[in-house]
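S.K.: I need the structure of the sequence given here:
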Amino acid sequence: MFSEQDLNKIVNEISENYANEELFYMKEGHQMPDRNCIVHIIMGLREITFPGYFDKEHLGENMPQFFLGHKLTSLYRELYTQIQSALLQQGKCSVNEIEIREQTDKICSAFFAKFPKIQNMILKDVQAAFDGDPAARSKEEIIFCYPGLLAVFIYRFAHELYVMKVPFIPRIMTEYAHAHTGIDINPGATIGEYFFIDHGTGVVIGETTSIGNYVKVYQGVTLGALSTRSGQLLRDVKRHPTIEDNVTIYSNSSILGGETVIGKGSVIGGNAFITESIPAGSRVSVKDQDITITEKRKKKNGLFE
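M.R.: Predicted coordinates:
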């Protein structure tokens with residue numbers, strides 16, 4: 001165990017770090033958003049989006065108006081609390097708490113007003129997955145089981161909060177999806193309709209990526225930046241590629257750079273590394289990869305030849 005002298009020394013040194021570092025400053029009454037509560041909000045949004053799949057009571061089948069009214073009111077209150085905490089913490093001392101409450105109310109109202117539109121987008125993503133995956137037996141299977149759909153579902157709601165400049169919460173949401181699916185979609189990315197991530201593990205989609213409609217992406221794909229060595233100087237600069245409509249990108253391909261555009265209808269083969277724009281209708285493939293096959297040596301009298 002610590003000696004009293006050692007313990008006091010460690011406590012004093014850590015306390016000095018707290019006092020000297022602005023990151024640790026927390027105004028009385030302020031706190032960071034609650035991750036567990038945000039996950040609960042995600043689950044609530046999923047229950048409303050897909051009634052009967054994830055809610056235990058199945059009230060959406062028998063009493064849809066009661067179910068929706070109750071769930072929306074409850075989620076509004078939870079989201080309000082978390083957004084208010086995020087805005088207060090972002091502003092720290094220089095905030096007017098009355099203005100923050102008014103801003104939070106406007107954000108929550110605008111967010112839930114967009115719910116029907118977001119839901120329709122997600123249903124198109126379900127259709128894209130069903131149309132694009134011959135292994136899918138039903139849309140129900142996709143809704144209930146597919147990690148790609150879960151990641152895109154969470155992204156769609158997180159993106160709306162990102163556009164409204166809500167701090168912390170959009171990234172908490174997409175990092176929850178990242179942890180559970182292996183799919184890393186920055187909430188700032190812009191993704192069109194009928195988007196499908198097949199398998200999905202290892203997919204990375206950067207903040208300023210722009211993706212059109214009817215795009216299909218396989219596992220291990222990176223839509224990233226060429227370099228981030230300039231750090232914060234690159235904030236608000238387009239660093240990630242543009243993927244136009246009807247593009248398919250096969251596994252483990254990397255497409256990098258804010259000026260890189262993959263033209264409409266192109267197909268990018270597996271393991272491609274692309275840093276320049278590709279014309280519409282192109283077929284990109286990697287050729288002449290060396291493959292060496294060595295036959296296992298046979299045993300003779302118990303020894304390898």
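
S.K.: how much space is there between residue 1 and residue 173?
M.R.: 42 Å (CB to CB, to the nearest Å). C-betas here are computed from N, CA, C, even on glycine.

S.K.: okay, these two: which has more neighbours?
M.R.: Between residue 1 and residue 173, counted using other CB atoms under 10 Å, residue 173 has the larger neighbour count: 24 against 5.

S.K.: Backbone dihedrals for the closest residue to that one other than its chain neighbours, both of them.
M.R.: Closest residue to residue 173 apart from its sequence neighbours, by CB to CB, 6 or more residues apart in numbering: residue 158 at 4.0 Å. Note on residue 158: its backbone torsions stand at phi -60, psi -40 [degrees, to the nearest 10].

S.K.: Which pLDDT does the model give residue 158?
M.R.: Looking at residue 158, its pLDDT reads 98.

S.K.: Hmm, it is touching residue 174, no?
M.R.: Yes. The pair residue 158 / residue 174 is scored as a contact, 5.0 Å apart, by CB atoms under 8 Å.

S.K.: what's the overlap in contacts for those two?
M.R.: When CB atoms under 8 Å, 6 or more residues apart in numbering defines a contact, the residues bordering residue 158 and residue 174 alike are residue 187.

S.K.: where does this protein have low pLDDT?
M.R.: Applying pLDDT under 70 to the chain flags the ranges 25-30, 57-63, 92-95, 291-292, 294, 296-305.

S.K.: Could you chop it up by domain?
M.R.: 25-182, 189-285 (automatic domain parsing).

S.K.: Can you tell me the SS state at residue 70?
M.R.: Assigned with DSSP: H, G, I helix; E, B strand; the rest coil, residue 70 falls in the helix class.

S.K.: Just give me the neighbour total for it.
M.R.: Neighbours around residue 70, by other CB under 10 Å: 12.

S.K.: Compute the distance between it and residue 76, please.
M.R.: For residue 70, the distance to residue 76 - CB to CB - is 11 Å.

S.K.: which residues in the stretch 1-150 of the chain form helices?
M.R.: Secondary structure of the stretch 1-150 of the chain by DSSP state H, counting those that start in this stretch: the helices cover 4-20, 35-49, 59-62, 64-91, 97-113, 115-132, 139-145, 147-163.

S.K.: now the stretch 201-305 of the chain
M.R.: Going by DSSP H, counting those that start in this stretch, the stretch 201-305 of the chain shows no helices.

S.K.: ok, which stretches of it are strands?
M.R.: 204-205, 210-211, 216-218, 222-224, 242-243, 248-249, 254-256, 261-262, 267-268, 273-274, 283-284, 299-300, 303-304 (DSSP state E, counting those that start in this stretch).

S.K.: Let me have those strands in CSV, extended by mean neighbour count and distance to residue 46.
M.R.: Listed next are the strands of the stretch 201-305 of the chain as CSV, based on neighbours: other CB atoms under 10 Å; distance: least, CB to CB, whole Å:
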stretch, mean neighbour count, distance to residue 46
strand 204-205, 22, 21
strand 210-211, 20, 22
strand 216-218, 23, 22
strand 222-224, 22, 25
strand 242-243, 26, 26
strand 248-249, 24, 27
strand 254-256, 21, 30
strand 261-262, 23, 31
strand 267-268, 21, 31
strand 273-274, 14, 35
strand 283-284, 13, 36
strand 299-300, 8, 57
strand 303-304, 8, 57
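
S.K.: can you put those strands in a markdown table and add distance to residue 180?
M.R.: Below are those laid out as a markdown table (distance: least, CB to CB, whole Å):
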| stretch | distance to residue 180 |
| --- | --- |
| strand 204-205 | 16 |
| strand 210-211 | 21 |
| strand 216-218 | 18 |
| strand 222-224 | 20 |
| strand 242-243 | 24 |
| strand 248-249 | 22 |
| strand 254-256 | 24 |
| strand 261-262 | 28 |
| strand 267-268 | 27 |
| strand 273-274 | 28 |
| strand 283-284 | 31 |
| strand 299-300 | 47 |
| strand 303-304 | 46 |
